[in-house]
Structure formats: structure tokens, C-alpha cells
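In: Coordinates for the following, if possible.
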Amino acid sequence: MTRVPTPSPPLVTQAGITLSYSEKTESLAESLEAQCQLITVPSFLAFIKVYDVALGPTSRPQPANPS
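Out: Numbers count the residues shown, from 1 in each chain. Next comes the predicted model:
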């Protein structure tokens, strides 16, 4: 018995245009790139530091101990 992969649904833009597989891949890559940008805005970095201090060190995930 051969398993047939489930096709992914089409990606449709807000204008109603259906994207091809390569356009869908590019769109996803651009979206992920936009979400994973390095934060360089000084006011936002200051907010992160204040938030980090308020939460304290126990709320931060600790790295796994490589044993």
C-alpha cells in the first residue's frame, strides 16, 4: 500500500489571488524573515531589559546541561 501525501491547501492573498507552490514558499520565507529580525530599536531593547529585571532570573528558561 502506497501512502499519498496530503496536499497543502492553496495560499490565497487578500486580493483573492491563488499563489503557486514556489510563490507560496517565497511568501512563507519572507514572513518568517520579517518575524525573526534582530531588534535594534533602543526603546524596545530598554523595555526588554526592564521586563527581564521585573521577572527575575527564575522565569528565564535555563539551558540544558550537556551531560
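In: Mind jotting down where the helices sit in the chain?
Out: 21-35, 42-55 (DSSP state H).
In: and those, which one's lowest on average pLDDT?
Out: The minimum mean pLDDT among the helices of the chain belongs to helix 42-55 (a mean of 67).
In: Straight-line length of stretch 3-10, end to end?
Out: Using Cα to Cα, to the nearest Å, one end of stretch 3-10 lies 21 Å from the other.
In: Check the model's average confidence along that stretch for me.
Out: 80.
In: Show me which residues of that stretch are buried.
Out: Using 16 or more other Cβ atoms under 10 Å as the test for burial, stretch 3-10 gives no buried residues. Heads up, the C-betas are built off the backbone N, CA and C, glycines and all.
In: hmm, who's touching that stretch?
Out: Applying Cβ atoms under 8 Å, 6 or more residues apart in numbering, the contact partners of stretch 3-10 are Thr18, Leu19, Lys24.
In: Tell me how far Leu13 lies from Arg3.
Out: Small correction: residue 13 is Thr, not Leu. 31 Å (Cβ to Cβ, to the nearest Å).
In: Oops, could you answer that again for Leu32 instead?
Out: From Leu32 to Arg3 the distance is 28 Å (Cβ to Cβ).
In: now swap in Ile17 and tell me
Out: Taking Cβ to Cβ, one finds Ile17 at 32 Å from Arg3.
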